[in-house]
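Q: from the sequence below, what's the structure:
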Amino acid sequence: MATTPESSTPSTPGDVYAVFCGPINEESVRQLLASLATATRQKQHVHLLFQSSGGCVGDGICLYNFFKALPVGLTLYNVGSISSIAVIAYLGASRRITSARAMFMIHRTTTKLTGAPAAIMKGVTKNLILSDEHCESILRESITLADGEQWSDLDLRDFFFSGEEAVKIGLAHEIGEFSPPPKSDVYHFFDLRQPPQ
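A: The predicted structure is shown next:
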């Protein structure tokens, strides 16, 4: 059920607030995993503003699995745009909040590789098929497509969802905003160990 920003869970002393904005790749995921591992030793709930246009499929699935396994609460906030494999990572959070003005985009797995020999293309094709199957299985477990949209339509086009549409299909749990309490420290995604200067 959608709620207003005012109805979001109030902050407690065990909460930490942080932001992530960037591509999903090996380096950003490594830093985010290390930061969240540190936060779980000190806090009971992580509130993470999450902004990404996507990136590497394997790294996004890694984030999805890590988010699901976190031993503390994790709320992810979409306050602008989450696209491609970043949507898969977002679905791993125990609580997912989106601004009404935010946007999500999902699509089939793609590659830009051209001019490779047939033997290499066979491996690339196998990787694309497996990656796409893994992403679709996560999406099917989490969302119900809007009226008139079918899974087969993903073969032909990208799907875009507003914040409100995302709540209706189960992509997000509620409408709300990333709102750290006054005078809270807000950390950058790879520096949860030290307060911001």
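
Q: what is the rounded mean pLDDT of the helix or strand hosting I120?
A: Using DSSP states H and E, I120 sits within helix 118-142. Average pLDDT, helix 118-142: 86.

Q: cool, and stretch 104-115?
A: For stretch 104-115, the per-residue pLDDT averages 82.

Q: re the thing from before, now the next helix or strand after the helix holding I120: buried residues?
A: Using DSSP H and E, the helix or strand that directly follows helix 118-142 along the chain is strand 159-162. By 16 or more other C-beta atoms under 10 Å, the buried positions in strand 159-162 come out as 159, 161. Quick note: C-beta positions are derived from backbone N, CA and C, even for glycine.

Q: so what touches strand 159-162?
A: 100-107, 145-146, 149, 153, 169, 171 (C-beta atoms under 8 Å, 6 or more residues apart in numbering).

Q: how long is stretch 144-154 end to end?
A: Chord length of stretch 144-154, first to last residue, is 14 Å (C-alpha to C-alpha, to the nearest Å).

Q: now the helix or strand where R96 lies - C-alpha only, CSV.
A: Using DSSP H and E, R96 sits in strand 95-98. Taking C-alpha atoms only, strand 95-98 is exported to CSV below (Å, rounded to 0.1, in the frame of the first residue of the first chain):
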residue,chain,number,x,y,z
ARG,A,95,12.2,-2.2,2.0
ARG,A,96,12.0,-0.2,-1.2
ILE,A,97,10.7,3.4,-1.3
THR,A,98,10.4,5.6,-4.4
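
Q: other SSEs contacting the following helix or strand past it?
A: Per DSSP H and E, the first helix or strand lying C-terminal to strand 95-98 is strand 103-106. Contacts defined by 3 or more C-beta pairs under 8 Å, 6 or more residues apart in numbering; DSSP states H and E place strand 103-106 against strand 81-83, helix 85-90, strand 159-162.

Q: strand partners (parallel or antiparallel) of strand 103-106?
A: Applying DSSP bridges to the sheet, strand 103-106 is found paired with strand 81-83 (parallel), strand 159-162 (antiparallel).

Q: got any ranges where the chain has weak pLDDT?
A: Per-residue confidence for the chain (pLDDT under 70) gives these ranges: 1-11, 113-114, 189-197.

Q: identify all contacting residues around stretch 91-99.
A: By C-beta under 8 Å, 6+ apart, stretch 91-99 touches 8, 48, 63-68, 70, 73-80, 90, 104, 138-139, 142, 163, 166-167, 171-178.

Q: just the buried positions in it, please.
A: Quick answer for stretch 91-99 (16+ other C-beta under 10 Å): 91-93, 95-99.

Q: with distance to G58 added, can I get these in CSV?
A: Below are the buried residues of stretch 91-99 laid out as CSV (distance: C-beta to C-beta, whole Å):
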residue, distance to G58
L91, 16
G92, 14
A93, 19
R95, 25
R96, 22
I97, 26
T98, 25
S99, 28
